[in-house]
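Novice: when you get a sec, could you give me coordinates for this:
(one chain, ligands or ions: 1)
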Amino acid sequence: MSGVFLTIEGTEGVGKSTSIGFLRSFLEQAGYSVIVTREPGGTQLGERIREWILSSRAGSLSATTEVLLMYAARAHHIEQVILPALNAGKWVICDRFADATTAYQGAGRRADQELLQSLNKAVLQDLTPDLTLLLDAPLDIGFGRIRHREKDHFEQEGREFFEKVRAEYHAIAAREPDRVEVIDAAQTPEDVQDSLRSALRRFIARHKH
Ligand code: TMP
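Specialist: So this is what the prediction gives:
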């Protein structure tokens, strides 16, 4: 496998989409071939699962159901999109991946840890992101940015849920500092871009050797 698997994570309203647009153009200008995809989603099946989950009332799906739906979408996405692109030498920028299940279903919804571990083993096999950029900001900043939009399945959850999600993201970053870079998303947009650019440059320099 010769491509690079880059995932972007963070709680709601931290500016993932803007950051992904920036990362894509930075990498393309540097001469890399890039695809941008997302989870849940990225394939027709995945997008239908996404639509189903996000339009369901908060609390209407059990933690186990949410986990299984996320992993059904993920298995298909890995087989159909991610691995073929990596095998073709591309950079794959994925808006959320397995860390989101660890944070949202594992910590937020208290899903069974053994179920998560066995699904990770069966579905991901050896696939781990080469680099994960965790956009992190105090919850109020993100909530402020999304307050005008209609709330989906997860956005209807209360503050306590998102505190658990954010704390789990911090725990993942602490456990895997070589893979996960925390980007301060509370900075000005220009400063966020500077941080993203530096993170990519460091990663590329490390992986040239
Ligand atoms: P977003 O990608 O537009 O932020 O929306 C996706 C939502 O789905 C977001 O609230 C996080 C949630 N999610 C999970 O709960 N578990 C997962 O495994 C993934 C990929 C997303």
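Novice: and Ala185, its phi and psi?
Specialist: Per-residue torsions, Ala185: phi -90, psi 0 (degrees, to the nearest 10).
Novice: which residues of this structure lie near the ligand?
Specialist: 12, 38-40, 70, 95-96, 100-101, 104-105, 154 (C-beta under 6 Å from any ligand atom). Bear in mind the C-beta positions are built from the backbone N, C-alpha and C, glycine included.
Novice: can you map out the helices along this protein?
Specialist: When assigned using DSSP state H, the helices of the chain occupy the ranges 16-29, 44-55, 63-77, 83-87, 98-100, 113-119, 139-146, 159-175, 189-207.
Novice: mean neighbour count for those - can I get that in TSV?
Specialist: Conversion of those to TSV gives the following (neighbours: other C-beta atoms under 10 Å):
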stretch	mean neighbour count
helix 16-29	16
helix 44-55	16
helix 63-77	19
helix 83-87	16
helix 98-100	24
helix 113-119	14
helix 139-146	15
helix 159-175	16
helix 189-207	14
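Novice: angle of the helix or strand bottoming out on mean pLDDT in the chain against helix 159-175?
Specialist: When the helices and strands of the chain are compared on mean pLDDT, DSSP states H and E, helix 139-146 comes out lowest with a mean of 90. Compare the direction of helix 139-146 with that of helix 159-175 by axes from the mean of the first three to the mean of the last three C-alpha atoms, to 10 degrees and you get 120 degrees.
Novice: mind giving me the packing neighbours of helix 139-146?
Specialist: Using 3 or more C-beta pairs under 8 Å, 6 or more residues apart in numbering; DSSP states H and E as the contact test, the elements touching helix 139-146 are helix 159-175.
Novice: pLDDT on the helix it packs on, on average?
Specialist: Per-region confidence: helix 159-175 scores 97 on mean pLDDT.
Novice: same question for stretch 115-125.
Specialist: The predicted confidence, averaged over stretch 115-125, sits at 97.
Novice: again with stretch 98-112
Specialist: Per-residue pLDDT values over stretch 98-112 give a mean of 98.
Novice: buried stuff in that stretch?
Specialist: Using 16 or more other C-beta atoms under 10 Å as the burial criterion, the residues of stretch 98-112 that qualify are 98-109, 111.
Novice: would you mind giving these as JSON lines with distance to Ala122 added?
Specialist: Conversion of these to JSON lines gives the following (distance: C-beta to C-beta, whole Å):
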{"residue": "Ala98", "distance to Ala122": "12"}
{"residue": "Asp99", "distance to Ala122": "17"}
{"residue": "Ala100", "distance to Ala122": "18"}
{"residue": "Thr101", "distance to Ala122": "13"}
{"residue": "Thr102", "distance to Ala122": "16"}
{"residue": "Ala103", "distance to Ala122": "20"}
{"residue": "Tyr104", "distance to Ala122": "20"}
{"residue": "Gln105", "distance to Ala122": "16"}
{"residue": "Gly106", "distance to Ala122": "16"}
{"residue": "Ala107", "distance to Ala122": "21"}
{"residue": "Gly108", "distance to Ala122": "22"}
{"residue": "Arg109", "distance to Ala122": "20"}
{"residue": "Ala111", "distance to Ala122": "16"}
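Novice: and those residues, which is closest to Val180?
Specialist: When the buried residues of stretch 98-112 are compared for distance to Val180, the smallest value, 7.8 Å, is given by Asp99; criterion: C-beta to C-beta.
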